[in-house]
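**Q** Would you be able to build a 3D model of this:
(one chain, ligands or ions: 2)
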Amino acid sequence: MSITVRAAAKINLHLGVGRVREDGFHPLDTVYQAVSLYDDVTVSQGTEESVSVSGSSSIDVRDVPTDTSNIAMRALAEVPCSSRHVVRIDKAIPVAGGMAGGSADAAAALLAHDRLHGLAQPDAVLLEQAARLGSDVPFSLVGGTARGRGRGEVVEPIADEGAWWWVVVPSGVGLSTPDVYRHFDRLFPDAPPQPDEPTELLAALASREPLRLARALHNDLQEPAVDLRPELGVLIALGEVEGALRGLVSGSGPTVVFLCESADGARATAAGLAGAGHDVVLTATGPVAGAHVVS
Ligand SMILES: C[C@@](CO)(OP(=O)(O)O)[C@H](O)COP(=O)(O)OP(=O)(O)OC[C@H]1O[C@@H](n2ccc(N)nc2=O)[C@H](O)[C@@H]1O
Ligand SMILES: Nc1ncnc2c1ncn2[C@@H]1O[C@H](COP(=O)(O)OP(=O)(O)O)[C@@H](O)[C@H]1O
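**A** Numbering: from 1, shown residues only. Ligands and ions are numbered 1, 2, ... in the order given. Here you go, the predicted structure:
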């Protein structure tokens, strides 16, 4: 028997970052949104532990480890279980792109393991296991639109009746999350201990008006990411010329996302960016569900 769980990519609609804590993490006040780019993780029992990774033609999976350092394998090592597992990951979420692809795989592996063994653990237990694996992993379980506090792992769902349209432009070369946070520390040594609250962003979500949401998007990691990779600033400006309401670095980058007026608007912006020479240009909608069993 095997179980396949699907888990979505995320965008940070608001990413407020405070001064680095003593444990090396930064306090966050963020609003996550799960969007319709998915990894599928299949878990079955086997005689040897193994993980294999495949991806759609637009995704470069060469940097995804196929040993015990793969975060899906780390997730299985985290749960008390004597069985050995075979894990298959089919990726469509850009790798090292600031869209929480690894976190999605970890969340999917935790849920698949729970269902495979008929454990039906309470959500609180899965969320606690998820938080031990990474700051973004609890959100990958929850999905939808949600506020994240603490180091991002304290997740509270937000009602979001909107159907938001995004264009997603991954980069051929990933950016390391710790490097971007370190660069934030260099650029903003006097960052306030508490990050900015997403007050206007929450009001914009409730209004369901794309232009209002576009104006409220905010990412404190954008400046360090663009400083490390100036071409991201050029890309943001280009997407806005091509009709997007607003471009934004996704999390720690280097993926750039563009909020568009509608599905047609997203298709037109995507066509413009592809015409300007960007090889991989995706469209996505959000919010979508968190990790869930598909077979
Ligand atoms: C920046 C964000 C925004 O949602 O996402 P990505 O852009 O990576 O997807 C997250 O904070 C990434 O979360 P995640 O990728 O789970 O990070 P973790 O594994 O917990 O931590 C990796 C490293 O990132 C830094 N880190 C992470 C979270 C945080 N609140 N402060 C930090 O300084 C630390 O250097 C930590 O050692
Ligand atoms: N299952 C996985 N999928 C993607 N990356 C993984 C996975 N397991 C480990 N990694 C490592 O984690 C790093 C961060 O990947 P990812 O989670 O895609 O990016 P981000 O943290 O920017 O959202 C990658 O460079 C890769 O080496």
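
**Q** Find the closest residue to ligand 1 in the chain.
**A** Going by C-beta to the nearest ligand atom, ligand 1 is nearest to Gly251 of the chain, at 2.3 Å. No exception for glycine: its C-beta is placed from N, CA and C like everyone else's.

**Q** Chain neighbours aside, what residue packs nearest to the residue in the stretch 1-150 of the chain that ligand 2 sits nearest to?
**A** Among all residues of the stretch 1-150 of the chain, Gly102 sits closest to ligand 2, at 2.7 Å; criterion: C-beta to the nearest ligand atom. Distances taken as C-beta to C-beta, 6 or more residues apart in numbering place Ile71 nearest to Gly102, at 4.4 Å, with adjacent residues excluded.

**Q** Looks like the one you found contacts Gly134 (just checking).
**A** Yes. Between Ile71 and Gly134 a contact is recorded at 7.0 Å, counting by C-beta atoms under 8 Å.

**Q** which neighbours do the two share?
**A** Residues touching both Ile71 and Gly134 comprise Gly102, Ser103, Ala106, with contact defined as C-beta atoms under 8 Å, 6 or more residues apart in numbering.

**Q** what residues does this protein put near ligand 1?
**A** Contact residues (C-beta under 6 Å from any ligand atom) of the chain with ligand 1: 12, 15, 24-26, 28, 30, 98-100, 103, 134-136, 151-152, 177-178, 181, 251-252.

**Q** Double-check that Ser103 belongs to a helix.
**A** Yes. Assessed by DSSP: H, G, I helix; E, B strand; the rest coil, Ser103 belongs to a helix.

**Q** just to revisit the earlier point, how about the contacts made by the residue nearest to Gly102?
**A** Ile71 neighbours (C-beta under 8 Å, 6+ apart): Gly102, Ser103, Asp105, Ala106, Ala109, Leu133, Gly134.

**Q** and the next element down the chain from the helix or strand hosting the fifth one?
**A** Taking DSSP states H and E as the criterion, the element that holds Ala109 is helix 101-116. Where DSSP H and E defines the elements, the next helix or strand beyond helix 101-116 is helix 123-133.

**Q** Tell me the helix or strand right after that next one.
**A** helix 137-142.

**Q** Now the element after that following helix, going C-ward?
**A** strand 145-149.

**Q** Which strand runs longest in the chain?
**A** Ranked by number of residues, the top strand in the chain under DSSP state E is strand 28-45.

**Q** ok so, going back, tabulate the contacts of Ile71 (TSV), appending distance to Leu228 and neighbour count.
**A** Shown next, in TSV, are the contacts of Ile71 (distance: C-beta to C-beta, whole Å; neighbours: other C-beta atoms under 10 Å):
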residue	distance to Leu228	neighbour count
Gly102	20	27
Ser103	21	28
Asp105	25	32
Ala106	25	31
Ala109	30	32
Leu133	26	24
Gly134	21	22
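
**Q** Of all pairs in those residues, which one spans the longest distance?
**A** Ala109 and Gly134 (12.2 Å; C-beta to C-beta).

**Q** How about the residue in the chain sticking out farthest from the centre: what's its closest non-neighbour residue?
**A** Distance to the chain centre peaks in the chain at Thr47, reaching 32.4 Å (criterion: C-alpha atoms, centre = their mean). Counting by C-beta to C-beta, 6+ apart, Thr47 lies nearest to Arg84, which is 6.4 Å off, once chain neighbours are set aside.

**Q** I'm done for today, thanks for sticking with me.
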